[in-house]
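1. fold the following for me, if possible:
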Amino acid sequence: QEEHRNMASSLAKQIRSATDHEDIDLAGFGQSQISELFTAAFSEAIPAPKMIGFRFTVGGGKKVRQKYGDDMPKFCRDALRAIGFEEDRGASAIMECAGSFKYQHDTDKDLKFIHVFPKIDISASAAPAEAEEEADIKIGGMKLEELPPEHLCSIVSMETFVKLVAKQCPSFSQRRALLKAMKEMAAKIAGFEEKMSKMEQLTASEDELYNTAQDVPGKVSELEKQLEGMMTGQHLTRAELDLMISELKEKEQQLSSSIASQKSSGKKTDKLEAAMAALQAKIQGLKDATPTVRRRKEDREILTLRKQLRELKAIEDSKQVLSLDEIKKLNQKANIVTRLEQLEAETKGWFDAAIPEADRLRDPPPASKGNASSGGANRGWESATKKTSSGGGAARGSNAWGRGGGGGGGGGG
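-> This is a model prediction of the structure:
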């Protein structure tokens, strides 16, 4: 008993120090040891430079059955649920799946696995960014994070899909663009089925997509519901409202022409007129809607950093002898650029090109000389140098800005 406890403790330390995906064999572990192991290893977020997955071997066929109890998968599930993990059959090694696990029976190897995707604390990781990534899961020769959004969304579970959409497509415009791409993906997969019905062979990449895709039509329906909810819930910006009204007006004209054509042919128009009434109600609803102003908690810090870079550019372009204070400011440039690039990458999301220009984060107009205050500029520099002095400090600093920030537009960077 003591030996197993020590083994569980040692293995938990190994797991918590991991910086890449690992395979772990739980042969010989009982229920209490599994509970101790998972509690010690996964109760708190693991410091790591990226999402990492752990594949635990928990059973198999006749050749290895004696090494594992029949209930080992259940013991693992129970232990993980006890510390707040959720089972997700479509989970994979991406940050949106942190705190989840899934069961797999690999019939080719005749082995049973529990895949665990722990909570990750990237900011606490001391691992080098250039850590080797050969073990990263790949699909079609690409890592998961390199896949086009519609491909990634097609292969993950519905639960993960909803999380991805919320994080990567916060705006109505981005979700509309994803919907268009997902509809094209659904048509592509339907085309695979048509090819197979004609006894035509799929290519390797087509076969891989066909076999890994999960309920793409269901995800299309989910996106359509979300977009309808955003319209009725008044979550569109002024630019998005104007675009939707313009597009629906075009449909109104087309429908009006169809009704006139049907009437001239002596055909019934009841269904078309009902569709027209519904369309006009939707248009009026959008006209009456109060536009939202999309702000992100990072916007104010981004604007502050941009302002500081403009000030640095003015110092660099100056032909005068630099003061000691100006030299100190220039020495902060690398930190400011790094932090700004980090924030802009984190907030970009998917389908950035779909965001209306009016919704992009804009720098406020320069203050008039009469309203300018040197004291305000100095305070900005003090706060920014504290934020950019280290990665951890920057992350903590960004939370203090709240949601009020900015003076610019909302939406994409």
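
2. three-state assignment of residue 29?
-> Judged by DSSP: H, G, I helix; E, B strand; the rest coil, the three-state class of residue 29 is coil.

3. what's the answer for the one 3 residues further on, then?
-> Assigned by three-state DSSP, the conformation of residue 32 is helix.

4. distance of it from residue 312?
-> Plainly put, residue 32 is 60 Å away from residue 312 if you go by CB to CB, to the nearest Å. For glycine as for every other residue, the C-beta is placed from the backbone atoms N, C-alpha and C.

5. okay, buried residues for the one helix or strand residue 255 maps to please.
-> Assigned by DSSP states H and E, residue 255 belongs to helix 238-264. Buried positions in helix 238-264, judged by neighbour count with 16 or more other CB atoms under 10 Å: 238, 239, 240, 241, 243, 244, 245, 255, 259, 262.

6. please write out the alpha-carbon positions of stretch 148-162 in PDB.
-> Only the C-alpha atoms of stretch 148-162 are listed here, as PDB (Å, rounded to 0.1, in the frame of the first residue of the first chain):
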ATOM      1  CA  PRO A 148      -8.600  26.400 -40.900                       C
ATOM      2  CA  PRO A 149     -11.300  27.400 -38.400                       C
ATOM      3  CA  GLU A 150     -14.100  25.500 -40.300                       C
ATOM      4  CA  HIS A 151     -12.000  22.300 -40.400                       C
ATOM      5  CA  LEU A 152     -11.200  22.500 -36.700                       C
ATOM      6  CA  CYS A 153     -14.800  23.200 -35.800                       C
ATOM      7  CA  SER A 154     -15.900  20.200 -37.900                       C
ATOM      8  CA  ILE A 155     -13.800  17.700 -36.000                       C
ATOM      9  CA  VAL A 156     -14.300  18.700 -32.400                       C
ATOM     10  CA  SER A 157     -17.300  17.800 -30.300                       C
ATOM     11  CA  MET A 158     -20.300  20.100 -30.000                       C
ATOM     12  CA  GLU A 159     -19.300  21.200 -26.500                       C
ATOM     13  CA  THR A 160     -15.800  22.200 -27.700                       C
ATOM     14  CA  PHE A 161     -17.300  23.900 -30.800                       C
ATOM     15  CA  VAL A 162     -19.500  26.200 -28.700                       C
END
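
7. pLDDT on it, on average?
-> Stretch 148-162 carries an average pLDDT of 90.

8. neighbour count winner among residue 32 and residue 312?
-> Comparing residue 32 with residue 312 by other CB atoms under 10 Å, the one with more neighbours is residue 312, at 17 against 14.

9. next, the angle helix 238-264 makes with the next helix-or-strand element following the helix holding residue 255.
-> Moving toward the C-terminus from helix 238-264, the next helix or strand (DSSP H and E) is helix 270-288. In terms of direction (axes from the mean of the first three to the mean of the last three CA atoms, to 10 degrees), helix 270-288 departs from helix 238-264 by 160 degrees.

10. residue 109: what's it in contact with?
-> Applying CB atoms under 8 Å, 6 or more residues apart in numbering, we find residue 109 in contact with residue 60.

11. okay then, goodbye and thanks.
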